[in-house]
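show me how the following folds:
(2 chains)
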Protein chains: 2
Amino acid sequence: MSTALLIKNTRPMGGETADILIRDGIIAAIGPNLTAPDATIEDAGGDLALPGLVEAHTHLDKSLWGMGWRPNDAGPRLIDKIDNERRLKRAINIDPARQSARQVVLSVSHGSTHIRSHVDVDTDHGLWGIEGVMRTRADYADIVDIDIVAFPQSGLLRRPGTLELMDQAMKAGADVVGGLDPCAIDRDPKGHCDAIFALAEKYGKPLDIHLHEPGEMGAFSFDLIFERTRALGMKGQVVVSHAFCLGTPDPDLVNPMIEQLAELDIGIMTTGPASRPAPPVKRLLDAGIRVCSGSDGIRDTWGPYGNADMLERTMLVGLRNNFRRDDEVELAFHVCTQGGADIMRLENYGLKVGAKADLIIVEGETITHAAVARPARRLVVKHGKIVARNGVCNRTAP
Amino acid sequence: MSTALLIKNTRPMGGETADILIRDGIIAAIGPNLTAPDATIEDAGGDLALPGLVEAHTHLDKSLWGMGWRPNDAGPRLIDKIDNERRLKRAINIDPARQSARQVVLSVSHGSTHIRSHVDVDTDHGLWGIEGVMRTRADYADIVDIDIVAFPQSGLLRRPGTLELMDQAMKAGADVVGGLDPCAIDRDPKGHCDAIFALAEKYGKPLDIHLHEPGEMGAFSFDLIFERTRALGMKGQVVVSHAFCLGTPDPDLVNPMIEQLAELDIGIMTTGPASRPAPPVKRLLDAGIRVCSGSDGIRDTWGPYGNADMLERTMLVGLRNNFRRDDEVELAFHVCTQGGADIMRLENYGLKVGAKADLIIVEGETITHAAVARPARRLVVKHGKIVARNGVCNRTAP
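Numbering: from 1, shown residues only, chains lettered A, B, ... in the order given. Below you'll find the predicted structure:
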């Protein structure tokens, strides 16, 4: 069987019609009228070719996808949702291996070729989540790349024993050290930040910190993160997810934060949250800051939303940022593709000769058209091979 | 041919499995094991039955749907978009009859059975829009009901001659008098409000006023609207669309407005805008205020978003209001169904015996499930007849 794939009659990034030749998992050529007698040929029917979508922030271990509908009646506070979820995990058997496999198949069907997943580590469940998602990562390595963040969802210091489990998670193979609301959840901002930075240093791994804290509180936590990033020489090694405080309508609070994000090359993840202050995407990109996006939780005990479609996420990021012009919507698309690659430091990513052949073929006149229409993906290509067709992944989940 | 339709094996509002018998356009019975020898039988396969979706705020006359992709490069201000659109209408022939027909077919395919459309009236185009949408209303009366608002998109007093055209539009058959930003666009709040209320009084028609004005400015315009609603005895006859100022984070500004909305039975339309302050849906409903939603402009010169799916709008209203519990998401669904019926004063609306048979059949375990998954509608029934099946409308557009 040939390892070459020739995609005829496509429009890379919405430009002129061209063919894409893929050999040994690499984009070998892009241009008109390519031929390759040994290649399998696919006709793209004039559809767009776009780089593989990057799901840069989700929680693979705890989606309820496929488990039957469970009406959500969790309380209003963040801690209510955290406690509710921890209680339910064993009670209804939210098995991380099974659920991550289900979400991976869903995600790939929509064209995500790379996923960063935060995975819960807590004293009730130990490494159940990490082990489950690692199993899925191995089982589905042919269709997606997965980056695992060890995530202290229930708090790090407020629940003794969690830090030791985080250490074990890193030892077991997690790629990134996670953190969570040093003030609002862990109630010990110095202790929390010291601990996660120490763990990152110990394992030589980067950080990705959930920061939901609003306004001045979030800015204070950012200060602690800036201090440690600078002191430990961890420039370029830190990502802050959500970062609602960057959406505070107070330039005296926000401007100095943006300056330091740029100086320390700290990346930002935003889902484009409709009901919260949100990081200003265009402004951050203009300042040279890496910005990515993700689905966050998908149909889990936190809420019913989400479908793992990063083209839909492009639309939601666009809506949140009032992007109306095509050049603006393309910024949201950048965030859901190259931005995620920048955050995860993916090598040889992109729709260009010499890059890894991770791409999608989708109907649309332009990138913006595809983002707002979100049709089923005609083809999803990963490692140079077709892994989904017409919205259906060629792998199944338990 | 029988005029009776028997829908077997459905779950009305997500409840117990039942059948729905429709005769002469009316829901004649809902219950288990119904029989009707003369009826056409449809098996719903256990899917949900829900009332017809209500698109209570859109602009049928100016969607670009089906006209080929047109990159948007309009300027950032509201007036830039208004002027850009007015210039383009003839230049690229945004024909209101053709475009409204296209959007109607799209809308019905997604299960909307009632539409309120604001339709531009301005001195460059006269009644082109009103006449076009009236033609569509007549041509497609078998598949949807359309409510027409005469809408001074380019301003009422700042462009002399517009008020006279608005009068002609009402005479020609528009159902509702529209208004727009008395301060920010028309620059003469007293003059604007006096004029639109006078027109409403003259024709004995209700009002639906676009109000994008933020904060204190919007509250001032609301005051003028309250005064006139009270003075003219127009309680229950006024709707304010967008009403961003109700999302101001200042209870001293917002609380008195909400009290007067309730007192004067003024309805509110919100799209659930992700990038603007938004009316707090739950709070308004709790105060007994009628609240509806709509797609607003769909893929027009204002922006690329929108697909006319009011189940997707349910999701967007839910996301904007941070609705996570099922009972909360059902409020967003209420807004996109009964709320629209309340705003448009529809008679005999709803999924109940004796009501008009306007309903949808859609896959889902619960209402919330359907709203977040948004599958193609299995059936759309209007006036007791099937008008769309599996997401495809049985009428086409030019």
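
make it CA atoms for all contacts and neighbour counts henceforth
Noted.

can I get the lowest-mean-pLDDT helix or strand in chain A in CSV, CA atoms only?
The helix or strand of chain A with the poorest confidence is helix A:78-91; it has a mean of 92 (mean pLDDT, DSSP states H and E). The C-alpha trace of helix A:78-91 is given here as CSV (Å, rounded to 0.1, in the frame of the first residue of the first chain):
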residue,chain,number,x,y,z
LEU,A,78,-17.0,27.2,41.4
ILE,A,79,-16.4,25.1,44.5
ASP,A,80,-20.0,23.6,44.3
LYS,A,81,-19.2,22.3,40.8
ILE,A,82,-15.8,21.0,41.9
ASP,A,83,-17.3,19.1,44.9
ASN,A,84,-20.3,17.9,42.9
GLU,A,85,-18.0,16.5,40.2
ARG,A,86,-15.7,14.7,42.7
ARG,A,87,-18.7,13.1,44.3
LEU,A,88,-20.1,11.9,41.0
LYS,A,89,-17.0,10.4,39.5
ARG,A,90,-17.2,7.0,41.1
ALA,A,91,-20.9,7.2,41.8
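
which elements pack onto it?
Packing contacts for helix A:78-91, counted by 3 or more C-alpha pairs under 8 Å, 6 or more residues apart in numbering or on different chains; DSSP states H and E, involve no helix or strand.

who in chain A is up against chain B?
Residues of chain A lying near chain B by C-alpha under 8 Å from any C-alpha of the partner chain: A:68-69, A:71-74, A:273-275, A:302-307, A:315, A:319-322, A:324-326, A:365-366, A:368-369, A:372-373.

which ones among the residues you listed map onto strands?
Among the residues of chain A next to chain B, the subset assigned to strands under DSSP state E is empty.

now, of the residues you listed, which are buried?
Listed as buried from those are A:71-74, A:273-275, A:302-307, A:315, A:319-322, A:324-326, A:365-366, A:368-369, A:372-373; burial here means 16 or more other C-alpha atoms under 10 Å in any protein chain shown.

now name the helix or strand holding the residue positioned nearest the centre of chain A.
Centroid-nearest residue in chain A: A:Ala56, 1.2 Å away (criterion: C-alpha atoms, centre = their mean). Counting by DSSP states H and E, the element that carries A:Ala56 is strand A:53-58.

pull out the buried residues from the helix or strand where A:Thr136 lies.
Per DSSP H and E: A:Thr136 is located in helix A:128-139. The neighbour-count check on helix A:128-139 (16+ other C-alpha under 10 Å) flags A:Trp128, A:Gly129, A:Ile130, A:Glu131, A:Gly132, A:Val133, A:Met134, A:Arg135, A:Thr136, A:Arg137 as buried.

just curious, which of the residues you listed is nearest to A:Ala200?
Taking C-alpha to C-alpha as the measure, A:Ala200 lies nearest A:Ile130 of the buried residues of helix A:128-139, at 16.9 Å.

the closest one touches A:Asp122, doesn't it?
No - counting by C-alpha atoms under 8 Å, A:Ile130 stays clear of A:Asp122, with 10.6 Å between them.

hmm, back to that, and the strand holding A:Ala56, what does it pack against?
strand A:112-120, helix A:310-320, helix A:338-344.

quick one: these as TSV, columns for distance to B:Pro251 too.
What follows is the helices and strands packed on strand A:53-58, written out as TSV (distance: least, C-alpha to C-alpha, whole Å):
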stretch	distance to B:Pro251
strand A:112-120	38
helix A:310-320	24
helix A:338-344	39
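
so for A:Pro256, which of those sits nearest?
Judged by C-alpha to C-alpha, the one of the helices and strands packed on strand A:53-58 that comes nearest to A:Pro256 is helix A:338-344, at 21.5 Å.

which residues are contacting that closest one?
By C-alpha atoms under 8 Å, 6 or more residues apart in numbering or on different chains, the surrounding residues in contact with helix A:338-344 are A:54-56, A:116, A:147, A:239, A:267, A:290-293, A:347, A:349-350.

tell me which of those fall in strands.
Using DSSP E, those in strands are A:Val54, A:Glu55, A:Ala56, A:Arg116, A:Asp147, A:Val239, A:Gly267, A:Val291, A:Cys292.

what residues are up against the fourth one?
The neighbours of A:Arg116, taking C-alpha under 8 Å, 6+ apart as the test, are A:Glu55, A:Ala56, A:His57, A:Thr58, A:Ile146, A:Asp147, A:Ile148, A:Val149, A:Met344.

now the second one
A:Glu55 makes contact with A:Ser112, A:Thr113, A:His114, A:Ile115, A:Arg116, A:Ser293, A:Gly294, A:Ser295, A:Ala308, A:Met310, A:Cys336, A:Gly340, according to C-alpha under 8 Å, 6+ apart.

can you pull the domain assignment for chain A?
The record's domain parsing of chain A by automatic domain parsing lists A:4-51+A:350-389, A:53-344.

dump the ones you listed to a markdown table, plus distance to B:Ser107.
Below are those laid out as a markdown table (distance: least, C-alpha to C-alpha, whole Å):
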| stretch | distance to B:Ser107 |
| --- | --- |
| domain A:4-51+A:350-389 | 14 |
| domain A:53-344 | 20 |
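
any quick PyMOL command for the buried ones out of the contacts of helix A:338-344?
Buried members of these, defined by 16+ other C-alpha under 10 Å, are picked up in PyMOL with:
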select buried, chain A and resi 54+55+56+116+147+239+267+290+291+292+293+349+350
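
any idea of the angle the strand holding A:Ala56 forms with helix A:310-320?
Orientation note: strand A:53-58 sits at an angle of 70 degrees relative to helix A:310-320 (axes from the mean of the first three to the mean of the last three C-alpha atoms, to 10 degrees).
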